[in-house]
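Asker: the following comprises the amino acid sequence and a computationally predicted model.
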Amino acid sequence: MLGLNLRCSFLGGGRLCWLILSVLLYGFPVLAQSPLPLVLPGVENGLVGASGAESSAGAQLPDERLPGSVSGTIVDQNGTGVAGARVRLTREDQSPYQETATGEDGQFSFSNIAPGPFHLTVTSEGFSTQSSSGILHTGEACIVPRISLVIATSITEVKVELSQIEIAQAQMNDEVKQRVLGVIPNFYVTYVPNAAPLTPKQKYYLAWKLGIDPAYFLSAAAVAGVQQARNEFSGYGQGAQGYAKRFGATFADFTMSNLLGNAVLPSIFKQDPRYFYKGTGTARSRALYALANAVICKGDNGHWQANYSSILGSLVAGGISNLYYPASDRGAALTFENTAIGIGGTAILNLMKEFVLTKFTTNVPRRPNPTNLNSP
């Protein structure tokens, strides 16, 4: 090679020598304007492959996955953009979801999204949830078709709850249908252990309903007949006139006791005039319960208390009866005697209500098992 260089130098160099050298080295002529250092492909500054390496580094690898973007528009049924709709983008690879809100024109956009399948979920107040799916290719700016929201069907659940007054009214309506043997009123027995308290209006209605019942008049007539036969209240005499006086006095007693003991005083003292049927437990416990209810009652607040209404009602009715009973049968002694007899009669009647009358009473409502009955 040194000899060749010398020969080229001897020949005067120039293009001829350079052409000969390129043919000898590479098999083809390399044209040059001047004898500059030879620059070959892949050879730079004496380093072979440096330029090739740079070119390879700048090229895209076949398996490289470039991120892209997903955008679109959310509209309503009229085609108007829905602002503020929430758009959530999820991936099948369980990667964390991304969420954004639409602008005033209903548009949304997600950037720097890895290529692959994706799922969009759109929610907005007043609209049904909508969804859309797609596949994002590498480096793609994907624009999904417009997503139209549909107005949500309004499903309103109305829960109707009766007030205490309405419940009490319904229960009282059942009670006024209760009759022993289908004839004798059994209005003042409730078979609901936690029956709603009666309002004053309902208490007066129940007393009025009993006071105009035909059986009420027949009872007064029967008592007056017994008194006539035994010549009680002899001052009234005998005959039709004596019977009429006894009937009038007895009916007045019934009416005063009913009105005062079942309506007026229970409204004042906020007490329930009804007998709360027990129906469970031993016979002894039920008997004691019935006897105790002659002097105690359930208040409108659900607590047991002294039966001021019944006791005072008997006393007041007895005091008023002195106005129409014969002079020989008047006085405080008779009033207290009648009150004591009234309490005893109530106790006996309660025993019958607990053990006997229910079996012969029609229209008794189906009674649930009482689990929260407050015994006295």
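Answerer: Received it, and whenever you're ready, just let me know what you need.
Asker: for the helix or strand harbouring T335, buried residues please.
Answerer: Per DSSP states H and E: T335 is located in helix 332-352. Within helix 332-352, the residues that count as buried by 16 or more other C-beta atoms under 10 Å are 334-335, 338-339, 342, 346, 349-351. (Each C-beta comes from the backbone N, C-alpha and C, glycine too.)
Asker: cool, stretch 103-119 as well?
Answerer: For stretch 103-119, by 16+ other C-beta under 10 Å, it's 106, 108, 110, 113, 115, 118.
Asker: doesn't T255 belong to a strand?
Answerer: No - read with DSSP: H, G, I helix; E, B strand; the rest coil, T255 is helix and lies in no strand.
Asker: so who does it touch?
Answerer: G211 (C-beta atoms under 8 Å, 6 or more residues apart in numbering).
Asker: tell me where the chain has helices.
Answerer: Per DSSP state H, the chain carries helices over the ranges 2-10, 14-26, 50-57, 164-175, 200-211, 214-230, 239-259, 265-269, 283-292, 308-321, 332-352, 358-360.
Asker: could you dump the ones you listed to CSV with distance to V189 and mean pLDDT?
Answerer: What follows is the helices of the chain, written out as CSV (distance: least, C-beta to C-beta, whole Å; pLDDT from 0 to 100):
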stretch, distance to V189, mean pLDDT
helix 2-10, 138, 38
helix 14-26, 126, 42
helix 50-57, 101, 42
helix 164-175, 7, 93
helix 200-211, 12, 96
helix 214-230, 15, 94
helix 239-259, 15, 93
helix 265-269, 15, 96
helix 283-292, 11, 96
helix 308-321, 15, 88
helix 332-352, 9, 86
helix 358-360, 8, 92
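Asker: domain assignment for this structure?
Answerer: Domains of the chain are assigned by automatic domain parsing as 68-148, 164-362.
Asker: comparing those domains, which comes out most buried?
Answerer: Highest mean neighbour count among the domains of the chain (mean count of other C-beta atoms under 10 Å): domain 164-362, with a mean of 17.
Asker: and the end-to-end length of that one?
Answerer: From its first residue to its last, domain 164-362 covers 26 Å (C-alpha to C-alpha, to the nearest Å).
Asker: before we move on, what about stretch 87-96?
Answerer: By C-alpha to C-alpha, the extent of stretch 87-96 from end to end equals 14 Å.
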